[in-house]
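A.B. asks: this one's sequence-less:
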């Protein structure tokens, strides 16, 4: 490599944008969410395709999905976005306390949803090998739960950094990107839940 | 605002090289995140797969050159066509275009690297490992033999009980990770890292084509991931997605597969047209005609391509009204391609054509794609498709569009851009010989297949009876295929030769118009010390001398000039108008992408051999790698 | 498929020639444009001007003209399709099941089953039910019409009429495993009277073997594993793994049109079918030459 001095040829000054834009990390998460959402769209479409081709649904005498607890814990999951929004607003104003508390509460609500899912799966009287209904049910609800678990693991990392005091009003991109992911996981359940848990009850 | 004199900085090329260089030797090889090295790696690796897949084709053609032949056994033949299609689509065409995009995008945009350099390295390692994974099936003598589209129930556990199909099914999910992650990188890079002044209206057409392709990938690849993922769940865990007597549906697999499968052919075709849209203007010495029309066509193709997939399923007995809809949309999708076609002709019309090798490949592409597009219209016609689908007519059609209309632009791109990448030109003499051999060989090989289809020859048969009138045509096809292969070999030889003996390329051997030609050949590690400022679609033709930005004081402009390169930063600009709004530190070389890729590979291995412990170990390695990666992202880059 | 002998093939052949004419015209014109564009500027420093603007050229040639041609094709598509595969009154019904790697052919109204050969009367509407109980196959007779896949779990139907007498090659047109290449069949279209005679032969019960040789052959057939997979109506052989052999002697070919049906080929097939069609489910049968000879004679006598 030469020791030639870098010369800026035909130099110009460039005026910056008047308003700040979103970072690349944020957009990267948005595009990733688009593709992950499409996976769920494919699974939900498959569910309705299999259902349209079947005379009875659920197949093979499988019981209808349980409603009461499912609704309760779904509300808990969707509700977990609220403390996260509060946490984000807090850190935008530099309030680490709000960030830590909001993250923790959101985490606990998400964890409660997972405990219920595991408990629910154990109580079901069918497996994913029994027939196509069992297969698509466990695959989709299970994949969503896996996404929640990954979100919980990400939350632990973000919480660790929050407790270390690494975020501030100027520097909290990681919180924003994590929040995008968590809200996405909640939004997916807005589609999976009516399709898989509610709709079989409608005849 | 322009300053009057060139600005001398206190920074030397050596200073920047120290910041941007890779470690030497093996450590640098495994830790690089430089898009240029990764892009070239993609191209080399893809061509290695091209070579192997080409050999499978030649063996198949040897077997089919005479009726009742015994060159290979039936099961070997069946695995040959499976591996030929799988390799050409997943391990050559898709990644080689991603490789060119990887290399060229930052340079054409005036950026110092991609938006996510580590993710870029990761996507290459996944591609390499997934290709090795699929080909490892040969090591145990169990290559997949379910065809490249792997229809159930044939590929389910009952009729394909061995591990062969698991190499394939898991392999497709595996390689899809690379394609998807690459698309994320392309989209964000295109929207956020453009040079100041490069509004969307001024982006090179190749960039538009990658943007269109990447969005198709985002919405299409999940479908094939689900199709092959559910297939593997059926095979490995006994689920019943595709088992008809337990509520599953055989056609569900086809819908999911083709929902990806059709956009996939445009994922290949669109970047190839992007390459043509760069080559033709350069060698016509005129700007691309109808820029807005062409960009609009690329967007239209991206959308419409999602509405035609059922045309691969016309023979499955679905209701005719439903199929008629897809037949109509399959006709409509011709129109944006027609617009592009006439834009290229219009570009050439008032120009003076220089018949370089790259231009010959572009013209060859035009002549071949015209025929392939026409037969595409024919197979869109529902009752005609009932006769010719699954026959050699459709084999002819898709080779005209996937070989002729994708491979010819790729070969043109080698002659056009390799000099920028390596600093050496390929021999034009050998290039022209290669082109003519390929062009003649291609048509001799694939044109007669239309007729074989009319004579009733079905696809994927390892042999045929004498006396059906197929014999002579098959001999001709085989001869053409060997000639075509020889033609490709000439370019591969030319390429290898040029690395040592090619004439020095200089910055801009072709007198082209876009930003990559403003750097040295090859470009420095950091691409641009000072970011170019763009005011036209053809900066190197219209803006002489090419202006470069100086660093300002605020966060938005401090990375524009060499001072930004010195601290390993890149400017981030607004999505539509490309006005700088921030500076982003980008990562230094790291092994983490490789670690994560290896972890994921071990997970797939665990699934393949049904060993939970292996899978868990792989997941642990992947989780550790990913956690450290994200931790460091927060610490170092935000 | 242009040597059309069936209603669907005729219509599609006509459609093809229209498309070919359009295609040849388009290729000649656009190809001409390409060549002119490539050569036009030669010898000039800056190229030649032209009166038509770039945009007009693009939307005329790339948008308007293709759209017009496509609209013609769309109309023709709808028209042609509407005439094809329509239910007709009083069709001859046949049920075909794709197997690995042969075709089961049943005539439900006439109550008999055969394999790998479909007989139809010329001119009469035929409705073929097309099914599979294993993998996807595809039923294709190019001279008669387009193909229909056999989809496990879905009952498909193909309707057509043969317009000329003849024997037409049919093929499996969807990759179905190791012997997909040799899963052919024959469609014999014959005048109504000949067809009726063919049906009648299937309805008369089998008489017992008439010669010592064929009687010995029947004993071999029933003693060996043959009866475990094959059916011969009127005997105790009721296996359904392999093709029904009740009319085997009258068939034109063996093994789904893999080899012609003659005693030499049949002997080789029975002794070792794997050497002729490797990978199929029928195992070799070791027999003393005399027994093999008798068995061949018996099978060829089944008409």
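C.D. replies: Received, thanks. All figures in this text were calculated on a predicted structure; none of them were measured in a lab. Numbering: from 1, shown residues only, chains lettered A, B, ... in the order given.
A.B. asks: use CA for all of it now, contacts and neighbours both
C.D. replies: Fine.
A.B. asks: how about the nearest residue to the residue of the stretch 151-300 of chain C at minimum distance from chain B, chain neighbours excluded?
C.D. replies: Residue nearest to chain B within the stretch 151-300 of chain C (CA to the nearest CA): residue C:181, separated by 4.4 Å. Leaving aside its sequence neighbours, residue C:181 sits nearest to residue B:461 (CA to CA, 6 or more residues apart in numbering or on different chains; 4.4 Å).
A.B. asks: I'd assumed residue C:183 was in contact with the one you found.
C.D. replies: No: with contacts counted by CA atoms under 8 Å, residue B:461 stays clear of residue C:183, the gap being 9.9 Å.
A.B. asks: And what about the residue of the stretch 151-300 of chain C closest to chain B, helix, strand or coil?
C.D. replies: Under DSSP: H, G, I helix; E, B strand; the rest coil, residue C:181 falls in the helix class.
A.B. asks: Likewise for residue A:54?
C.D. replies: Taking three-state DSSP, the label given to residue A:54 is coil.
A.B. asks: Leaving out sequence neighbours, find the closest residue to it.
C.D. replies: Among residues not flanking residue A:54 along the chain, residue B:247 sits closest, at 6.6 Å (CA to CA, 6+ apart).
A.B. asks: and that neighbour, what pLDDT?
C.D. replies: Predicted confidence (pLDDT) for residue B:247: 96.
A.B. asks: Please apply the same query to residue C:51.
C.D. replies: On the pLDDT scale, residue C:51 gets 89.
A.B. asks: separation between it and chain A?
C.D. replies: 39 Å (CA to the nearest CA, to the nearest Å).
A.B. asks: Which strand or helix spans that residue?
C.D. replies: Residue C:51 is part of no helix or strand when elements are defined by DSSP states H and E.
A.B. asks: do residue B:68 as well
C.D. replies: Per DSSP H and E, there is no helix or strand for residue B:68.
A.B. asks: picking up where we left off before, verify the stated contact: the residue of the stretch 151-300 of chain C closest to chain B with residue B:462.
C.D. replies: Yes: using CA under 8 Å, residue C:181 is in contact with residue B:462, at 6.0 Å.
A.B. asks: Walking through chain A, point out its strands one by one.
C.D. replies: Under the criterion DSSP state E, strands of chain A are mapped to A:5-8, A:11-12.
A.B. asks: Phi, psi for residue B:199 please.
C.D. replies: phi -60, psi 170 (degrees, to the nearest 10).
A.B. asks: I'd like to know how far the closest residue to it other than its chain neighbours sits from chain C.
C.D. replies: Once flanking residues are discounted, residue B:199 sits nearest to residue B:577: 4.4 Å by CA to CA, 6+ apart. Using CA to the nearest CA, we find residue B:577 at a distance of 25 Å from chain C.
A.B. asks: same check, this time on residue B:195
C.D. replies: Residue B:195 is 28 Å from chain C, by CA to the nearest CA.
A.B. asks: Contact partners for residue B:258?
C.D. replies: Residues in contact with residue B:258 (CA atoms under 8 Å, 6 or more residues apart in numbering or on different chains) are B:224, B:309, B:310, B:312.
A.B. asks: Is chain B within reach of the helix ranked longest in chain C?
C.D. replies: The longest helix of chain C (DSSP state H) is helix C:7-39. Yes: Helix C:7-39 comes into contact with chain B (CA under 8 Å from any CA of the partner chain), by way of C:12, C:15-16, C:19, C:23, C:27, C:31, C:33-34, C:36-39.
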